[in-house]
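Q: what shape does this take:
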Amino acid sequence: MSYNNFGFKGNGFIDQSEIIQNDPGVILSEINSTNHTGNKFSEHSIDAGLNYKRSFSKEDQELEIDVNSSTAHNSRAAANDQFLQPAGFFDLRYKR
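A: Alright, predicted model coming up:
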């Protein structure tokens, strides 16, 4: 019999700045956002086996029975949350 249990979990933070300019370089739009991302996975499984072998008194007669079974369950999840930030937010945040 064997039992397996494994998985992973990850989180991340991304700051994103989008600036739209015209040809002379005048800023037409500035959008700042912060993204929080996360994901996780887990797996649980069980493998079992049973073997039986019997030899009889007559030559070349035997009985062999093998039973194997497996079961597993997994789960997964992912999320991404995006938050708009005011103009100049990243300038204040990273100038410390």
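Q: could you give the bridge partners of residue 47?
A: Taking DSSP bridges, one obtains residue 2, residue 70 as the residues bridged to residue 47.
Q: just the helices in this protein please.
A: For the chain, the helices defined by DSSP state H cover 89-94.
Q: where does it dip in pLDDT?
A: Along the chain, the model assigns pLDDT under 70 to residues 91-96.
Q: make it 90
A: Across the chain, the ranges flagged by pLDDT under 90 are 1, 15-20, 22-32, 58-60, 84-96.
Q: need the outlier residue of it, farthest from its centre.
A: Taking CA atoms, centre = their mean, the residue of the chain most remote from its mean C-alpha position is residue 58, at 57.4 Å.
Q: tell me the phi and psi of it?
A: Phi and psi for residue 58, reported as degrees, to the nearest 10, are phi -80, psi 150.
Q: could you number the chain from 41 rather than 1 from now on?
A: Fine by me, first position is 41 from now on; the one you just mentioned is residue 98.
Q: what about the strands in the protein?
A: Secondary structure of the chain by DSSP state E: the strands cover 42-61, 67-95, 102-125.
Q: most tightly packed of the ones you listed?
A: Burial of the strands of the chain is given as mean neighbour count (mean count of other CB atoms under 10 Å); strand 67-95 ranks first at a mean of 13. Where you see a C-beta, it was placed from the backbone N, CA and C, and this is true even at glycine.
Q: other SSEs contacting that strand?
A: Strand 67-95 sits against strand 42-61, strand 102-125, with contacts defined as 3 or more CB pairs under 8 Å, 6 or more residues apart in numbering; DSSP states H and E.
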